[in-house]
Structure formats: structure tokens, C-alpha cells
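Trainee: Fold the following and give me the result.
(one chain, ligands or ions: 2)
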Amino acid sequence: MQLKILGTGSAGNCYILENNKEALIIELGLSFSKIKQALNFDLSKVVGALVTHEHGDHVGKNKEGLLGALNNGIEVYSGQGTFDVLNIKNHNCRNFKKGGYTEIGSFKVLPFKAIHCNNDGSECAEPINFIIEHDECGCVLFVTDSLYCGPRFTDYSIKFNNIIIEANYCEEIIKKNLEKGKLPVYLYNRILKSHMSLNTCKETLLANDLSQVQKIVLIHLSDSNSDEKKFKEVITNATGKIVHVANNNQTIEFNKNPF
Ligand SMILES: [Zn+2]
Ligand SMILES: [Zn+2]
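Mentor: Ligands and ions are numbered 1, 2, ... in the order given. Now for the predicted structure:
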């Protein structure tokens with residue numbers, strides 16, 4: 001299995017889990033033509049797409065990523081609240097099964113609640129994050145655009161094999177940017193209320209059983225409030241795992257076993 005990162009961060013998010021038979025798209029925050037290009041214009045492999053919430057960097061500017069997928073016959077799974085707030089009605093909109101995993105091709109997906117708000121401070125309609133299972137990449141945790149990760153997975157004896165998690169900003173950098181006037185107060189407050197800090201990311205990882213984890217991929221880094229090198233170092237030192245900082249147009253081998 002490969003994890004393709006087409007886009008990460010506030011300019012647009014789109015990730016693809018892909019092997020030679022199937023592809024699962026996670027987030028549609030780019031133009032659909034870009035997404036098609038990354039799939040070599042072969043949509044027959046695509047078993048579905050997952051969308052976490054309604055913001056433009058996850059559904060595309062003017063919803064163009066999401067609409068493009070739906071209009072090209074891709075089944076898109078999200079919370080009904082997200083489809084509703086975006087005013088989207090399409091026969092390819094799908095909801096997750098209640099109380100269990102939803103099978104999407106050979107992938108099994110379990111959504112759980114994220115904590116995320118809009119620019120005006122109001123809460124998003126139905127933000128979600130995912131556990132994704134597949135024989136090749138194992139049990140994958142996907143967390144983005146969330147203040148923190150609510151569920152205690154160790155209570156359910158869930159052991160992840162790979163983790164994709166937001167590390168948006170770090171406290172020292174964002175405070176400095178605020179003091180220097182580089183960051184407006186409203187934005188500072190919004191980020192602090194709706195995105196995951198490096199420290200929370202670290203705490204979240206350490207609250208989990210990491211014994212089976214192969215790779216940790218840090219996503220959705222803020223351009224101005226983060227430091228790629230530092231983030232990688234902090235998470236590597238804390239976990240002792242292989243840590244990647246996601247960059248646009250990057251492909252990472254993403255398997256359950258290291259060989
Ligand atoms: Zn976002
Ligand atoms: Zn968002």
C-alpha cells in the first residue's frame with residue numbers, strides 16, 4: 001500500500017491510500033482535475049472517498065473537489081450534517097453505517113467525532129476523523145482538524161499499525177507570531193480552539209499503544225506557525241517511531257509489515 005499526499009494544510013488536503021487494485025481517497029480539498037491526474041486518469045480503481053468536514057481545504061474551493069468526485073461517480077462518505085451544511089444532494093453521497101465499520105472496497109472505516117470550529121467560532125456541522133483498516137496497511141488512525149482526539153482507543157484494545165495525524169502549530173511559534181503582529185488575534189484564537197498543537201499531537205500518540213506502529217505521518221502543518229524539522233524531532237524522540245512530515249506530492253510506503 002502507498003499513501004499519496006496530494007495536498008496537506010490550509011491550501012488544500014487530499015490523501016490517497018492506493019495499491020495496484022484499489023484506491024481510497026481521503027479528503028477532496030483540491031480541484032478534481034488534480035485528483036484525477038494523481039490517479040493517472042483511471043477512476044475505476046477508486047472504491048470511495050472520505051470527507052471529514054465542510055471547510056474549503058477539505059472539499060475544494062467552491063466545493064469543486066467534492067462535486068467533481070460525486071459527478072464522476074465516486075461514492076463520497078461523510079457525516080450527513082456535512083452534506084447538509086454544504087447543501088449537497090447527490091445519489092453518490094453516502095453515510096457511514098451506525099455502530100460499526102463501513103466496508104468500502106477492501107477497506108473498513110469507522111468514523112469518530114472531531115472537535116473543530118468555523119472562522120466565526122461556531123462549531124462545524126459534523127466533523128469526523130477515521131479509523132481505516134485494510135490487510136496491507138493494517139489499522140490506521142486518521143486525525144485532522146481537531147482540537148484533540150476524543151476516544152481512548154486503548155480502552156477498546158485498538159492497536160494502530162500506522163498513524164496519520166495533524167500537528168498544526170506549536171505554542172511557542174504561534175505566540176511569537178501573535179506578539180510580532182504577524183497573526184491577527186481572531187485567527188490566533190480560532191487556531192487555538194480548532195486545530196491540534198504539536199504538544200496535543202504528542203500526548204495523543206503517547207496515550208495510545210504504539211507497539212505495532214510502523215509509521216507516523218504528521219499532516220496539516222500551518223505554514224507560519226510550525227517548524228517541520230522541530231516537529232519531526234519532537235515526535236521521533238517521544239515515540240521512537242519512523243516519522244514523516246507530509247509534503248505536497250509525496251508518496252510514502254504504508255504497510256502493516258516493514259518488509
Ligand atoms: Zn483544514
Ligand atoms: Zn477545517
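
Trainee: OK, contacts around the residue of the stretch 151-259 of the chain found nearest ligand 2?
Mentor: Relative to ligand 2, the nearest point of the stretch 151-259 of the chain is residue 194 (6.8 Å; Cβ to the ion). Backbone N, C-alpha and C define where each C-beta goes, glycine included. Residues in contact with residue 194 (Cβ atoms under 8 Å, 6 or more residues apart in numbering) are 115-117, 145-147.

Trainee: what about the strands in the protein?
Mentor: 2-7, 14-18, 23-26, 46-50, 76-77, 93-94, 102-104, 107-113, 128-134, 138-143, 162-166, 215-219, 242-245, 250-253 (DSSP state E).

Trainee: ok, and which of those has the densest surroundings?
Mentor: Highest mean neighbour count among those (mean count of other Cβ atoms under 10 Å): strand 162-166, with a mean of 27.

Trainee: Neighbouring strands - and their directions - for that strand?
Mentor: Paired strands of strand 162-166, with direction, are strand 138-143 (parallel), strand 215-219 (parallel) (DSSP bridges).

Trainee: shaky segments in the stretch 1-150 of the chain?
Mentor: Residue ranges of the stretch 1-150 of the chain with pLDDT under 70: none are present.

Trainee: what does it put close to ligand 2?
Mentor: 55, 145 (Cβ under 5 Å from the ion).

Trainee: Kindly recompute the last result at 6 Å.
Mentor: Along the stretch 1-150 of the chain, the residues adjacent to ligand 2 under the rule Cβ under 6 Å from the ion are 53, 55, 116, 145.
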